[in-house]
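[1] Quick one: sequence plus predicted model below, questions after.
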Amino acid sequence: MLDEVSSLPIQGVSINWDKIDRRSYLRGIEAIKGLDYLAFNKNITIFVGENGSGKSTMLEAIAVSYGFNPEGGTKNYNFSTYDSHSELCDAIRLSRGFKKPGWGYFLRAESFYNVASAEEEYSMLGGVPQHFHERSHGESFLQMVQSNFRGNGLYLLDEPEAALSPQRQLTLLLEIVNCAKEDAQFIMVTHSPILLGIPGAEILSFDNGQIHPIDYEDTDSYQITKMFIENKDQLLKRLLEE
């Protein structure tokens, strides 16, 4: 994996709050509203936090600022089915490393169907057809990963576990680790205790009002999964009685 932070394609993100409306909902997201600069120290960074904590909003803004289509795909994708991305992308500035990635992909679970549809249209113009819609959601998801992930790339992943079984999540984990060994950078949002276990990754929590490093065993995803597996009957009984 990369030893020098300066060689990461994205070294950090700064926010110019003067470009964000005073009434914007972004100013109400605790983890983001007080943020001036967020540094990336490793080539695998994972955002965790409760729903609404701002992690996907931050990832989306990084992706759009870098030049990716808001709904996902490579930098060559240019389509829109619903314009929903926030103004944060216009207010952030990326600190870029000296090394430009040879490839990249923005993968978001919620709009993958739209990306698959766009891919079919692009293939009619001379591209290599992937036939994503002819496979299950999970199969097409993993096919996209295996077709696009490679060394010396930049990959932004928003909840990629959504379409994948636990076994397929392990396959994705292996793909990420192997690409990271070949100088690829990953920034990922996930709730998966499997993907959170990627060796050497820096986990950043968006909970408790600020973005901060957190150990794997201290994440809610790990703690709640562990509690459920070890005390399933007692936990369910208590929940169902309430």
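    Sure thing, it's come through.
[2] use CA for all of it now, contacts and neighbours both
    Will do.
[3] who are the neighbours in contact with residue 107?
    By C-alpha atoms under 8 Å, 6 or more residues apart in numbering, the contact list for residue 107 reads 72, 73, 155, 156, 157, 158, 160.
[4] and if we set it to 6 Å?
    Listed by C-alpha atoms under 6 Å, 6 or more residues apart in numbering, the contact partners of residue 107 are 72, 157.
[5] How much space separates the closest residue to residue 33 other than its chain neighbours from residue 47?
    Closest residue in space to residue 33, ignoring its immediate chain neighbours: residue 27 at 4.9 Å, by C-alpha to C-alpha, 6 or more residues apart in numbering. Residue 27 is 19 Å from residue 47, where distance means C-alpha to C-alpha, to the nearest Å.
[6] Which one's more surrounded, those two?
    residue 47 (26 against 15; other C-alpha atoms under 10 Å).
[7] Can you name the element that comes right after the host helix or strand of that one?
    In this assignment (DSSP states H and E), residue 47 forms part of strand 44-48. Going down the chain from strand 44-48, the next helix or strand is helix 55-66, by DSSP H and E.
[8] Just the residues contacting that next one, thanks.
    With contacts defined as C-alpha under 6 Å, 6+ apart, helix 55-66 is touched by 47, 70, 88, 89.
[9] Next, the angle strand 44-48 makes with the lengthiest helix in the chain.
    The residue-count maximum for a helix in the chain (DSSP state H) belongs to helix 166-180. Orientation check (axes from the mean of the first three to the mean of the last three C-alpha atoms, to 10 degrees): helix 166-180 against strand 44-48 gives 140 degrees.
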